[in-house]
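Enquirer: Sequence first, predicted model second:
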Amino acid sequence: MFKKLLKPFAPAALLILSTTSIQAAETLLPLSGELKELDNLYSVEVVLFKQKEPAMDEEKWRENLPPLDYSKAAVPLFNEGVLLSRMEELSITDFALIDQANRLNKKGYQVLYHNSWLERFSPGSKSSVMILDPMGSFEGTINIERQRYLHVNPVISYYPDRFSDALPPEKTIRLNETRRMKSTDLHYIDHPVLGMLVLFRPIKDSTPDLFEEPTPPAAEEPATLEELLKQQ
């Protein structure tokens, strides 16, 4: 199911609605030992993109923005192809929004960031993840709080003139929205210049328990006296 947030007929929303449905029910992934018995495990998948026709000049952008807060932000761990740990990136083969990201690029939108990682969201828990472009065109955090629903607050600074001669960038465009989200639903956060897709999937372990006691073979029925006499 797709959750339309803000503009009900935003071009990017219509584009995503035309793609194949997302299979976002409980997903099985190979988890490390300390996570096998834990509940409230989710994959978080985020696609940040630039709009096809960004309204750079139509909006009046706030100046003197407060600095980004990285004090509690973590960076997802690089996936090493082994059992997943908390805050570790998923293998790209386990991403759920590959088709949607490819479709955005083909239709003239520019995907700036696409990643997915594993996290635990117990009731009342909070998480902050740092995302940035190594080339410096954007940076920020994705802040998530678990209440009755998952509350997501991306705070992203985008620098449209990053590759000009201006240092520091003359213009900063800030995406700062808070949305209530439900796991297994694909959510779209709209913005005049940027857009974001967010998907949460419940995660369970897919690996067998190597230390599980084997099931003993069924005991044989004792032979009757008649059967014992026949064997002699």
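Expert: Yes, it's here.

Enquirer: in stretch 151-163, what counts as buried?
Expert: For stretch 151-163, burial by neighbour count (16 or more other CB atoms under 10 Å) applies to 152, 154, 155, 156, 157, 158, 159, 160, 162. All C-beta atoms are positioned from the backbone trio N, CA, C, and that covers glycine.

Enquirer: and of these, the nearest to residue 142?
Expert: residue 154 (5.0 Å; CB to CB).

Enquirer: Could you check how far that closest one is from residue 180?
Expert: Distance of residue 154 to residue 180, computed by CB to CB, to the nearest Å: 14 Å.

Enquirer: so where's the longest helix in this protein?
Expert: If you go by DSSP state H, the chain has its longest helix at helix 98-106.

Enquirer: Only C-alpha atoms, please: export that helix in CSV.
Expert: The C-alpha coordinates for helix 98-106 follow below in CSV (Å, rounded to 0.1, in the frame of the first residue of the first chain):
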residue,chain,number,x,y,z
ILE,A,98,15.4,-1.2,-6.5
ASP,A,99,12.7,-1.1,-9.2
GLN,A,100,11.3,2.2,-7.8
ALA,A,101,14.8,3.9,-7.7
ASN,A,102,15.6,2.8,-11.2
ARG,A,103,12.3,4.0,-12.5
LEU,A,104,12.8,7.4,-10.9
ASN,A,105,16.2,7.8,-12.6
LYS,A,106,14.7,6.7,-16.0
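
Enquirer: Beyond that helix, next helix or strand please.
Expert: strand 110-120 (DSSP states H and E).

Enquirer: Now that following strand: buried residues?
Expert: For strand 110-120, burial by neighbour count (16+ other CB under 10 Å) applies to 111, 112, 113, 114, 115, 116, 117, 118, 119, 120.
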